[in-house]
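Undergrad: Kindly return the folded structure for what I paste below:
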Amino acid sequence: MSLLPRRWRLPYFALLAVIGLLLSVSALQTYRLSGGAHPWEPFLWEFSSVVVIGGLALGVHALMGRLRGRPWGRQLATHAVAMPLFSLLHVGGMFGLRFAVYALAGVDYHPDDLRTVLIYEGGKDAVSYLSFCLISRGVWMAQAASLRAQELDRARRELAEVRLARLADQVQPHFLFNTLNLISSVMYEDVPRADRLLCQLADLLRQTLAAQQRAEHTLGEELALVQPFLALMQARFGPERLVVRIEADDAALACRLPALLLLAPVENAIKHDVARHRGRVEVVVAAAREGERLTLRVSNHGDTPVPASPPDPDGGLGLRNLRERLAARYGSAASVAFAPDGAGMTLTVGLPCAS
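TA: Coordinates of the predicted model:
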């Protein structure tokens, strides 16, 4: 991995340039007061130091990364060797650049003796080295914290996706078994009718399998799955016994929602309420968009209720599944209400509308 990621290269080099310019301008004032004859010299002195220090700082950062998690004794021993090496490399690189430029310019260069240079630069380099170590440690800690947060966020997303997939998988077997039971009760009375129901069921299952692969789709696509299911149920119970209506405005049809969200509630409304009423049952699936919210309603009303079979106040397995899916996908932004409504029951679902 590169010591300096691509996105940080330009800012880093720009920072070095700014530091070099500031130091050079400051040194130029002193240089002129002392009677210097070559105004470019202060720029050479400062930039030769900044360039070498800039490269060594990246090396210190890499060293701090390698030492993460190592015993403190080993870290201290490494720094005891690295600090004087840092100073020697700084001095060697800095004066190497200066001698090269002076030679090209044809100007004599007479620095202080080596002992004086090492003492003078060694003190500054020790401070620089320790500063770079502290800055680098902070950077590595920040990067580690960011990686942990990303991993945690990814784990949460994967867990939510697995949970949603598990909940979605529960819909199809539950719906399939109930539908097959309905068909089995018809096949002894009317074999051609049962055959038509099985063909309709096969088509519906192919569509639901395709919908599960997408995880989510528009309300219009969801209703395209609900409609054949309602047609299948009408063929089972008869249009005089079961009346169905779908009401949705255009704005609501464009909203996205988890796939197969309405199939289980609609199935419950038909399966349980047709059994609870002796006569005609009307099932209405309605959707409306209100600002950035989508409101879905599944209601059923029958002519003559049967008191001996009261509805499940929780809505059964299908609605428990619905609540869990919405909680996993939207959290507190989704709401589910299931309550008596006149001679029937109404399920109301509110969730954010993402077009």
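
Undergrad: which residue ranges form the strands in this protein?
TA: Ranges of strands in the chain, per DSSP state E, are 216-218, 242-248, 256-258, 281-290, 293-302, 335-341, 344-352.

Undergrad: just checking, what packs against the fourth one?
TA: What it means is strand 281-290. helix 219-237, strand 242-248, helix 250-253, helix 263-276, strand 293-302 (3 or more C-beta pairs under 8 Å, 6 or more residues apart in numbering; DSSP states H and E). The C-beta positions use only the backbone N, C-alpha and C, and glycine is treated the same way.

Undergrad: hmm, try it at 7 Å
TA: strand 242-248, helix 250-253, helix 263-276, strand 293-302 (3 or more C-beta pairs under 7 Å, 6 or more residues apart in numbering; DSSP states H and E).

Undergrad: Output the shortest one as PDB, restricted to C-alpha atoms.
TA: This points to helix 250-253. The C-alpha trace of helix 250-253 is given here as PDB (Å, rounded to 0.1, in the frame of the first residue of the first chain):
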ATOM      1  CA  ASP A 250     -49.900   7.500  -9.700                       C
ATOM      2  CA  ALA A 251     -47.600   9.100  -7.200                       C
ATOM      3  CA  ALA A 252     -47.900   6.100  -4.900                       C
ATOM      4  CA  LEU A 253     -47.200   3.600  -7.700                       C
END
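
Undergrad: Can you list the buried residues in it?
TA: Of the residues in helix 250-253, Ala251, Ala252 count as buried by neighbour count, 16 or more other C-beta atoms under 10 Å.

Undergrad: so how far is Lys271 from Pro265?
TA: To Lys271, Pro265 is 11 Å away according to C-beta to C-beta, to the nearest Å.

Undergrad: Over to Arg320?
TA: Applying C-beta to C-beta to Arg320 and Lys271 gives a distance of 15 Å.

Undergrad: Kindly report the same for Phe86.
TA: The gap separating Phe86 from Lys271 is 77 Å, by C-beta to C-beta.

Undergrad: these two touch, right, Asp303 and Val243?
TA: No - contact criterion C-beta atoms under 7 Å: Asp303 and Val243 do not qualify, at 10.6 Å.

Undergrad: what do these two both touch?
TA: Common neighbours of Asp303 and Val243, using C-beta atoms under 7 Å, 6 or more residues apart in numbering, are Arg280.

Undergrad: who has more neighbours, those two?
TA: Between Asp303 and Val243, counted using other C-beta atoms under 10 Å, Val243 has the larger neighbour count: 14 against 11.

Undergrad: what's the closest non-adjacent residue to that one?
TA: Glu282 (4.4 Å; C-beta to C-beta, 6 or more residues apart in numbering).

Undergrad: cool, Gly344 as well?
TA: Excluding the flanking residues, the one nearest Gly344 by C-beta to C-beta, 6+ apart is His301, at 3.8 Å.

Undergrad: I'd say the one you found and Glu282 touch.
TA: Yes - look at His301 against Glu282 with C-beta under 7 Å: they come within range, at 5.2 Å.

Undergrad: how many other residues sit next to the closest residue to Pro39 other than its chain neighbours?
TA: Excluding its sequence neighbours, the residue lying closest to Pro39 (C-beta to C-beta, 6+ apart) is Leu28, at 6.5 Å. Neighbourhood size, Leu28 [other C-beta under 10 Å]: 17.

Undergrad: circling back: how about the strands of the chain in JSON lines, adding mean pLDDT?
TA: Putting the strands of the chain into JSON lines (pLDDT from 0 to 100) gives the following:
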{"stretch": "strand 216-218", "mean pLDDT": "88"}
{"stretch": "strand 242-248", "mean pLDDT": "91"}
{"stretch": "strand 256-258", "mean pLDDT": "89"}
{"stretch": "strand 281-290", "mean pLDDT": "92"}
{"stretch": "strand 293-302", "mean pLDDT": "90"}
{"stretch": "strand 335-341", "mean pLDDT": "88"}
{"stretch": "strand 344-352", "mean pLDDT": "90"}
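
Undergrad: Which one of those strands lies nearest to Ile119?
TA: Of all the strands of the chain, it is strand 344-352 that lies closest to Ile119, at 67.9 Å by C-beta to C-beta.
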